[in-house]
Structure formats: structure tokens, C-alpha cells
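Enquirer: Curious how this folds, go ahead:
(one chain, ligands or ions: 1)
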Amino acid sequence: MAKKAKKKSKKVVKAKAASRKPAKKVAKKATKPAAKKAVKKASAAKSAAPKMSNKPYGKDGKALDGVKILDFTHVQSGPTCTQLLAWFGADVIKVERPGVGDITRGQLVDVKGADSLYFTMLNHNKRSITIDSKHPQGKRVLDELIKHCDVLVENFAPGALDRMGLTWEYIHKMNPRMIVASVKGFGPGPYEDCKVYENVAQCTGGSASTTGFRDGPPLVTGAQIGDSGTGLHLALGIVSALYQRNRTGRGQKVLCAMQDGVLNLCRVKLRDQQRLKAGPLREFSQFGQNIPFGEATPRAGNDSGGGQPGWILKCKGWENDPNAYIYFITQAPVWEPICDLIGEPGWKTDPEYATPPARLPKLMAIFARIEEWTKTMTKLEVMEACNAHDIPVGPILSMKEIAEDQSLRATGTVVEVDHPTRGKYLTVGNPIKMSDSISEVTRSPLLGEHTDEILSSVLKFKASEIAEIKNSGALTPPPKKEKAA
Ligand code: COA
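Expert: Here you go, the predicted model:
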């Protein structure tokens, strides 16, 4: 990548020089200096842009083709980030500890002897090399990877990368174009040295205190906003840093703290915290129940949290099916069709119900009436009836229903993947669809599957060097200690 970029920049310089000639001709005719400048600028921009591809959309490679990632991630947050980059075409080389690998390979195992779904579903489209990063010969391989790659992504505990000797200064000296991207639990401050997992981030980022019911304990959510959410944030930081590097020629550090990532996703709750000063939060159902607000944004149960009140209502079969429910939103512009559907046409004009402010104090009673109607139909029948009138509703889909949903299969959001040791399994494909960079999901690598290929074809070590590195024990687990007799 580094060499290619150098070549490219030469081309750009030549192209710029060539573009100056016609610009001069035009400039002669132009009278004002500002006009001269504008012509020059437009012409330079035109010449700097690559020639437009004439290949069909989706047939001219991928968005991140040519980007090389040294993937030093483990568990969930980091791997989600590098998996996304791999789906966009980056060559992701996952470095794993010899013999063990990413700890998730052996966590929540469902098929004996096979990598767990935890691992396979977070590490598609990557290559795996095993390296003991603390072994001198392992360090030698890592150094070559640092020189070769554009981005190092890691989510070790605070200080672990430095303890391996891979400080920012060390990396940057060896490869000034290298982007070093990290997930940590907390940003700089009193908690910066703490190890953090998903639910710690959900609790410290404001999610748990605002999730659940007011009269119950704080709740964590099933969506992995701390891990996968931060991985997403980090991916955006990385592509932005790659973009900036095109201009500056140098790498930079990218840090995403899980607490910050969760808080970013809880932005509306910090909004509500500040609105409390102006009085009760009228869209919360507790307002209609005359329950006073405290000092902090309360847990909102299933209140919508936006300007359009909503709640989860029972549908036909709720007695036996834990997911026979629907999220119902009483969006103001569709209030009249809602009244007609539920058999309360009088509410359209009754001043007690006709306006959103009039409805706020009695939201729970209104939803109870709507529920009488939703209980007469299945959640999908309610959805069909409501969508015919543009009334937004959300049937509560179980993971079973999602796994079987053919429309999600058709878009590649749910994908079936074959794996040599576990067989076929389902995974979530790339949720970001691009018309000129089509994602294909390929299986996760076996531990160290690409070690030889990376040493020889990527890092260009000679056969004798590879033998030396291998014999040193830097790529294999330490021999098991014999038990005393
Ligand atoms: N070769 C040799 N040593 C290796 C290695 C390799 N290839 N890969 C990892 N190690 C070592 C590390 O250097 C570290 O050693 P050290 O403590 O002596 O410096 C050790 O393995 C453990 O790494 P660590 O990151 O501390 O793992 P952990 O299992 O103790 O902690 C987390 C796991 C997730 C709690 C921690 O990594 C963390 O807080 N990460 C940042 C936040 C985060 O991403 N959390 C969400 C995870 S989904």
C-alpha cells in the first residue's frame, strides 16, 4: 500500500502539471484574478480525481481493496470492527496466540472440537496467523507486519500493547503511515486502566440506568451496544483516518472508549436529563400516572423516548408465545386512522383525545384500549392492518423468526456459511449495503490457518528464515510440561 501510494502520488503530480497548461490558456482570457483561481482549482480537482470506472457497478473491486489490517483484536468489540473492514475488501490478518487463539474460539462451544459460533460469527473474511508476540522471533514477524500493514487494530487491556513493546512511538517510527486503532473500556481519566466487558460499558455509558421499568432494577439490553457498537464506531474512525492519510501522508491514533460509544448511542437520554430542568417529561407514561420525576432521566419502560408515544401491546396468542407482542406508535398524523381501526371514531374529534397534549396524561388508558384491538389479531395481521394506513408498528420478532425470514436471506443480511469443522451455520452478513462494493461472507479462519502463506507470500520471508522462526517456537504453543511421576 505504502509503495503503491508513492507511485500514485507521482502520477497525480504529473497529471497536475499537465493540467496547468490548458488552465493557463483559459486564464489568459479571464480578466479577474478570482476567476483565474477558480479555473485553476476546478482543473486541478478534475485532474486529481481518478478516471471513472467503466466496469458495471459491483464489478470493480471493493471499497477497501488494497488496505491491509494487522488485526490484533479478540473477543467481540475489536473483531466486529475488523470483520466490517474485511467485508469492505480490506485484507485482515488476525494475529493470535499460538495454541489458544482468540479466547472466544473455545467459549460457548456447541460442536465439540469446532470453533464456537461466538468466534466464527465475528471473524469472517479474515486470515489467521499465530505469533507469540512476546518471543523475539515473534516480534521479528510482527515488525514485518507493522511495516506491511496500513492499520493496526487492537482491543487489549490498557497497557498490554505497550508491554509487548509495541508503543505508538515504536510503531510510528517503523511505519509513519500506520494507523493504530484501539478499543478501550474508558477514555483517559480515573478509570482508564480498567478492563471492561459489554455490560460494564452498558452500565457506565448511561444505557442501564435508562433501560427497564421505573419500579424495577436497571437493565442491560440484548443488543451489544458496548462491544459491537464500539466496533462500529472504531471502523468509522479507521476509514476516516485512512482518508485523512491520503492528504497528510501520516498515520494517527484512533481511540474508541466503550463508555463513550454507549453514551453516543444514549444521546437522547442526556437530552432528557437536561430537559428535566424545564419540568416533567410529559411524553413519559409516568407523567400521566402522576408519578413525580427525580433528579435523573428515569427508566422509561417501553415508552418511545421520542415525540411520538409508543408502547408494547399484546397480540393474539400472547398467553403461550412470549413474542406475540407488537410495538404500537400513536403517531399524531395517523391518529384518525388509528381511531377508526380500533373502533373509537369518536376520539377523532373528542377534545379529550383529539390532540397529542390532551392524550399525554392518559397514554396508558389509550394503549389499553388499543391492546383490546391488537389482542384480536396476530402481530403480523396487526402489522398488515396498520401499514395499510401508514401506521408504524413493530412486531416483536423472535430470533427463530429472524433466522427463518427469507427476505433477510435474500438481502444477505442473514447468511448461511459452510465451515470445515462445524458444517453449515447462520450468521449476520454485512448490514451496510453498497452498490459498488458488494460484500460476500466467507468463513472464519482456523487457528493459524494462514501462518505459512503470510510468512512466505505476504512478508516474503525466505524458506531458511521461516524455518528459523518456526524452530524458535515463536509460532507454536510452548511444549506441555510433563507431569511429575
Ligand atoms: N502472544 C503473547 N501474548 C499475548 C498475545 C500473543 N499473540 N495476545 C495476547 N497476549 C497477552 C497480552 O499481551 C496480555 O498480557 P499482559 O497482561 O502480560 O500484558 C494477555 O495476553 C492478556 O490480554 P488482555 O487483553 O489483558 O486479556 P484479558 O482476557 O485479561 O482481558 C478484556 C480481556 C476484554 C477484559 C481486555 O482485553 C480489555 O479490557 N480490553 C479492552 C476493552 C474491550 O475491548 N472489551 C470488550 C471485549 S469484547
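
Enquirer: and the residue nearest the centre of the chain, what does it touch?
Expert: Residue closest to the average C-alpha location in the chain (CA atoms, centre = their mean): residue 232, at 2.4 Å. Residue 232 makes contacts with 80-81, 84, 261, as judged by CB atoms under 8 Å, 6 or more residues apart in numbering. Where C-beta positions appear, they are placed from N, C-alpha and C, glycine not excepted.

Enquirer: Please produce a markdown table containing these, extended by distance to the ligand.
Expert: Below are the contacts of residue 232 laid out as a markdown table (distance: CB to the nearest ligand atom, whole Å):
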| residue | distance to the ligand |
| --- | --- |
| 80 | 9 |
| 81 | 10 |
| 84 | 15 |
| 261 | 10 |
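
Enquirer: ok, and the most crowded of those?
Expert: Taking other CB atoms under 10 Å as the neighbour criterion, residue 81 ranks highest of the contacts of residue 232 with 32 neighbours.

Enquirer: Quickly find the element holding the nearest residue to that one once chain neighbours are set aside.
Expert: Take residue 81 and drop its neighbours on the chain: the residue closest to it by CB to CB, 6 or more residues apart in numbering is residue 231, 3.8 Å away. Secondary structure assignment for residue 231, by DSSP states H and E: helix 228-248.

Enquirer: Contact residues of the stretch 101-250 of the chain facing the ligand?
Expert: The stretch 101-250 of the chain comes close to the ligand at residues 131-134, 155-157, 160, 163-164, 183-185, 195-197, 227, as judged by CB under 6 Å from any ligand atom.

Enquirer: Which of the residues you listed fall within strands?
Expert: Counting by DSSP state E, the part of these found in strands is 183-184.

Enquirer: which parts of stretch 255-262 are buried?
Expert: For stretch 255-262, the neighbour count (16 or more other CB atoms under 10 Å) marks 256-262 as buried.

Enquirer: Next, the contact list for the residue nearest to residue 81, please.
Expert: Contacts of residue 231 by CB under 8 Å, 6+ apart are 76-81, 84, 183.

Enquirer: Dump those into CSV; add pLDDT as well.
Expert: Formatted as CSV, those follow (pLDDT from 0 to 100):
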residue, pLDDT
76, 98
77, 98
78, 98
79, 98
80, 98
81, 98
84, 98
183, 98
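
Enquirer: Inside strands: which ones of those residues?
Expert: residue 183.

Enquirer: what's the closest of the contacts of residue 231 to residue 56?
Expert: Distance to residue 56 across the contacts of residue 231 (CB to CB) is lowest for residue 84, with 24.5 Å.

Enquirer: Skipping adjacent residues, who's closest to that closest one in space?
Expert: Once flanking residues are discounted, residue 84 sits nearest to residue 235: 4.7 Å by CB to CB, 6+ apart.

Enquirer: burial count for the one you found?
Expert: 24.

Enquirer: isn't it right up against residue 81?
Expert: Yes - between residue 235 and residue 81 a contact is recorded at 4.7 Å, counting by CB atoms under 8 Å.

Enquirer: Now for those two: what residues contact both?
Expert: Shared contacts of residue 235 and residue 81, defined by CB under 8 Å, 6+ apart, are absent.

Enquirer: Using the record's domain definitions, break this structure down for me.
Expert: Annotated domains of the chain cover 2-46, 68-265+445-470, 294-314+325-395 [automatic domain parsing].

Enquirer: that older thread, and the contacts of residue 231, which of them are in helices?
Expert: 77-81, 84 (DSSP state H).

Enquirer: Dump those residues to a markdown table, plus distance to residue 372.
Expert: Output for these, formatted as a markdown table (distance: CB to CB, whole Å):
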| residue | distance to residue 372 |
| --- | --- |
| 77 | 44 |
| 78 | 49 |
| 79 | 47 |
| 80 | 42 |
| 81 | 47 |
| 84 | 44 |
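
Enquirer: can you name the two of those residues that are farthest apart?
Expert: Largest separation among those by CB to CB: 77 and 84, giving 11.9 Å.

Enquirer: quick one: residue 216 and residue 299 touch, right?
Expert: Yes - with contact defined as CB under 8 Å, residue 216 reaches residue 299; the gap is 7.4 Å.

Enquirer: Looking at those two, which is more packed in?
Expert: Set residue 216 next to residue 299 and count neighbours by other CB under 10 Å: residue 299 wins out with 21 against 9.

Enquirer: From what I see, that one and residue 208 are in contact.
Expert: No - counting by CB under 8 Å, residue 299 stays clear of residue 208, with 9.0 Å between them.

Enquirer: and for the two, which residues touch both?
Expert: Counting by CB under 8 Å, 6+ apart, the common neighbours of residue 299 and residue 208 are 218-219.

Enquirer: Name the nearest of the buried residues of stretch 255-262 relative to the ligand.
Expert: residue 258 (6.1 Å; CB to the nearest ligand atom).

Enquirer: Helix, strand or coil: sort out the residue lying closest to that closest one once chain neighbours are set aside for me.
Expert: If the residues on either side of it in the chain are set aside, residue 258 comes closest to residue 201, at 3.6 Å by CB to CB, 6+ apart. Three-state call for residue 201 (DSSP: H, G, I helix; E, B strand; the rest coil): helix.

Enquirer: contacting residues for residue 201?
Expert: Contacts of residue 201 by CB under 8 Å, 6+ apart are 185, 225-227, 230, 258-259, 261-262.

Enquirer: 10 Å instead?
Expert: 77, 183, 185-186, 207-208, 220, 224-227, 229-230, 257-263 (CB atoms under 10 Å, 6 or more residues apart in numbering).

Enquirer: Give me the subset of the residues you listed lying in helices.
Expert: Going by DSSP H, the helices hold 77, 229-230, 258-263 from these.

Enquirer: so can I have TSV of those residues showing distance to residue 416?
Expert: Below are these laid out as TSV (distance: CB to CB, whole Å):
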residue	distance to residue 416
77	26
229	26
230	28
258	31
259	36
260	35
261	30
262	32
263	36
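
Enquirer: from the residues you listed, which two are the most distant?
Expert: 77 and 263 (15.1 Å).

Enquirer: of those two, who's got more company?
Expert: residue 77 (30 against 17).

Enquirer: Could you pull up the contacting residues of that one?
Expert: So residue 77 contacts 122, 155, 183-185, 196-198, 201, 224, 226-234, 256, 258, 261 (CB under 10 Å, 6+ apart).

Enquirer: Repeat the analysis, applying 7 Å as the threshold.
Expert: By CB atoms under 7 Å, 6 or more residues apart in numbering, the contact set of residue 77 is 155, 183, 227, 230-231, 258.

Enquirer: For residue 363, see how far away it is.
Expert: 37 Å (CB to CB, to the nearest Å).

Enquirer: thinking again about what came up before, the ligand versus the residue nearest to the centre of the chain, what's the distance?
Expert: Distance, residue 232 to the ligand, by CB to the nearest ligand atom, to the nearest Å: 13 Å.

Enquirer: How many neighbouring residues does residue 404 have?
Expert: Considering only other CB under 10 Å, residue 404 is surrounded by 12 other residues.

Enquirer: Look at it and report its pLDDT.
Expert: What the model reports as pLDDT for residue 404 is 97.

Enquirer: same deal with the one 10 residues further on?
Expert: Among the per-residue scores, residue 414 shows a pLDDT of 98.

Enquirer: and it, what does it touch?
Expert: Counting by CB under 7 Å, 6+ apart, residue 414 has contacts 402-403, 405, 408, 426, 428-429.
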